[in-house]
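# Just need the structure, nothing else, for what follows:
(chains A, B and C)
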Amino acid sequence: MNDAAITVLQVMTLVLVAATGAAVVFTRQPAHQMVGVSFFGLILALMFLLFQAADVALSQIVIGAVALPLMVMLALGKIRRQSIEQHKKEHSE
Amino acid sequence: MIFYVACAVAAWLFLVGVYGIATSDNLVHLVLCLVVVQASTYVLLSAVGYRHGGVAPVFADVTQTQTTVDSVVQALMLTDIVVEATVVALLLAITVQIKKRTGIVDPNNVNLLRG
Amino acid sequence: MKFPLRQLLFFAGAIGMAILYALAFAHLPGPEGLRSMYRDVINLQTVEQRHITDAITAVNFDYRGFDTLGEEFILFVSVMGALVLLREEKDQGGEKVPDAAWPARSVPPGDALRVWTLWMTGPVVLFGIYIVVHGQLTPGGGFQGGVILATAPLLIYIAENLEVFKRITSHEWIEIAEAIGAGGYALIGLIAFFYSKPFLTNVIPLGPGGTNINVLSGGMVPLIDLTVGLEVAAGFVVLLYAFLQEMLVKQGDQ
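Sure thing, here's the model as predicted:
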């Protein structure tokens, strides 16, 4: 591919990164936001690939689309279960 | 030219992320906005390391005479990504503890110094 | 402080920062002026000097191996911190509530999900080992391969439940593996002391070079890759286990 095509693709991906970042911030529910963060990680990996950083793209895919949403999901599960427990405790008193 | 576009996107990501942190009403939402702030450094570093017409510095396929991008900056970015994962893990563990002890996930109402 | 006042303060700060940022970038010498000498020098030297074709792994584990040692210990200490923060308190009795994905796990997983995840576990483990071992040849290395290896028990957890997960990742051995991985990196660096060289110098014979660079070339780098992969995989499995832990319900609840 010639340089002009790669430059156009890079500019488009950067605009997509900016838009996805804003979308992640303006989503208020953490469960919905987690899907957005996973997608944001994938778009960042695409950007790394277009900037010729192969190792970093692999690392970003593996951590930003697998490990990070996993931890957020489990933390949300714990928080939700704790609020269910506290709700039950308040209702039984 | 791509360098200035990337710097502008990095500044935009940083400001949007800090806006999300400042006006957040859920601790988990705050942690995910921190991920957006950290992404701004990735964009800036990859723009600094990029060279026009360069390819990835993996010499299994690329001969030594082709122009390649900077590899030292990419080593910095790898450390950055690993640190992001660890920071998010610790902050989520703190969030779970705050919820367990006070029952609140709103950062405006958390008051950890009460007696 | 009140919400609109906070937004006003943020916008004042953001406009100030944007102005200073634009002024700073106007005075920089531009993308050509930010070049460092090291890019050309290191990219030309890795194949002859170290017999490594992946320049990023060479920088990470060979030329700047000390920084990667610090980064690995950041991971180790943060996993330890998360374990401390998520410990269960043993002062209250009561019955155990199932894992952290409850109540969504009260519905058993479907057959298609179980078949797919159990069949993918073998290829995922193989792929993770491939990425770890070929770290110095193609993009990859210890960290990426380690996280891929850590997703294999996760697949088994998705297909089954927490008891099976706890049986296959017996907690003590995973912690021992993580400690071996973290300490192994520091001990490999001590090998250089026997040759009167500084810490982490690459003193092991470099292996085949030139056109037949294979997995044995690079000296210490394959060994460091193996220890880092072991540490990262074990660390993430331990972290996963800490987040999935059961919680003791206080007495007097349903």
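
# use CA for all of it now, contacts and neighbours both
OK.

# what about the longest helix in chain A?
With secondary structure taken from DSSP state H, chain A has its longest helix at helix A:68-92.

# Apologies, that question was intended for chain B.
Longest helix in chain B, counting by DSSP H: helix B:72-102.

# Provide a list of residues in contact with C:Phe10.
Going by CA atoms under 8 Å, 6 or more residues apart in numbering or on different chains, C:Phe10 touches B:Tyr19, B:Ala22.

# run the last query once more with 7 Å
Contacts for C:Phe10 (CA atoms under 7 Å, 6 or more residues apart in numbering or on different chains) come out as B:Tyr19.

# So which bits of stretch A:48-60 are buried?
For stretch A:48-60, the neighbour count (16 or more other CA atoms under 10 Å in any protein chain shown) marks A:48-60 as buried.

# Identify all contacting residues around that stretch.
Outside stretch A:48-60, the residues within contact range by CA under 7 Å, 6+ apart are A:10, A:41, A:45, B:46, B:50, B:55-56, B:74, B:77-78, B:81, C:139-140, C:144.

# Any of these buried? List them.
Listed as buried from the contacts of stretch A:48-60 are A:10, A:41, A:45, B:46, B:50, B:55-56, B:74, B:77-78, B:81, C:139-140, C:144; burial here means 16+ other CA under 10 Å.

# So which residue is dead centre in chain B?
Against the mean C-alpha coordinate of chain B, by CA atoms, centre = their mean, the closest residue is B:Gln38 at 1.7 Å.

# Pipe the buried residues of stretch A:48-60 into TSV and attach distance to C:Ala26 per row.
Listed next are the buried residues of stretch A:48-60 as TSV, based on distance: CA to CA, whole Å:
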residue	distance to C:Ala26
A:Phe48	25
A:Leu49	28
A:Leu50	25
A:Phe51	23
A:Gln52	26
A:Ala53	26
A:Ala54	30
A:Asp55	31
A:Val56	29
A:Ala57	30
A:Leu58	33
A:Ser59	33
A:Gln60	31
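
# Counting only helices, which of these make the cut?
If you go by DSSP H, the buried residues of stretch A:48-60 have A:Phe48, A:Leu49, A:Leu50, A:Ala54, A:Asp55, A:Val56, A:Ala57, A:Leu58, A:Ser59, A:Gln60 in helices.

# and the residue nearest to the centre of chain B, helix, strand or coil?
Following DSSP: H, G, I helix; E, B strand; the rest coil, we place B:Gln38 in the helix state.

# so what secondary structure elements neighbour the lowest-mean-pLDDT helix or strand in chain B?
None of the helices or strands of chain B scores lower by mean pLDDT, DSSP states H and E than helix B:72-102, at a mean of 88. In terms of contact count using 3 or more CA pairs under 7 Å, 6 or more residues apart in numbering or on different chains; DSSP states H and E, helix B:72-102 is assigned the packing partners helix A:54-62, helix A:68-92, helix B:27-49, helix C:55-58, helix C:65-85.

# Distance from it to the middle of the chain?
Distance of helix B:72-102 from its chain centroid, counting by CA atoms, centre = their mean, to the nearest Å, is 10 Å.

# List the buried residues for that helix?
The neighbour-count check on helix B:72-102 (16+ other CA under 10 Å) flags B:72-100 as buried.

# repeat for stretch C:122-142
For stretch C:122-142, the neighbour count (16+ other CA under 10 Å) marks C:124-125, C:128-129, C:131-142 as buried.

# Mind telling me which residue of chain A is nearest chain B?
Closest residue of chain A to chain B, CA to the nearest CA: A:Gln52 (4.7 Å).

# And that residue, how close does it get to A:Thr7?
Relative to A:Thr7, A:Gln52 is positioned 12 Å away (CA to CA, to the nearest Å).

# C:Val77: which of the buried residues of stretch C:122-142 is nearest?
For these, the closest approach to C:Val77 (CA to CA) belongs to C:Gly142, at 17.6 Å.

# tell me which element the nearest residue to that closest one once chain neighbours are set aside falls in.
Nearest residue to C:Gly142, sequence neighbours excluded (CA to CA, 6 or more residues apart in numbering or on different chains): C:Gly229, at 4.2 Å. Take DSSP states H and E as the rule and C:Gly229 turns out to sit in helix C:221-243.
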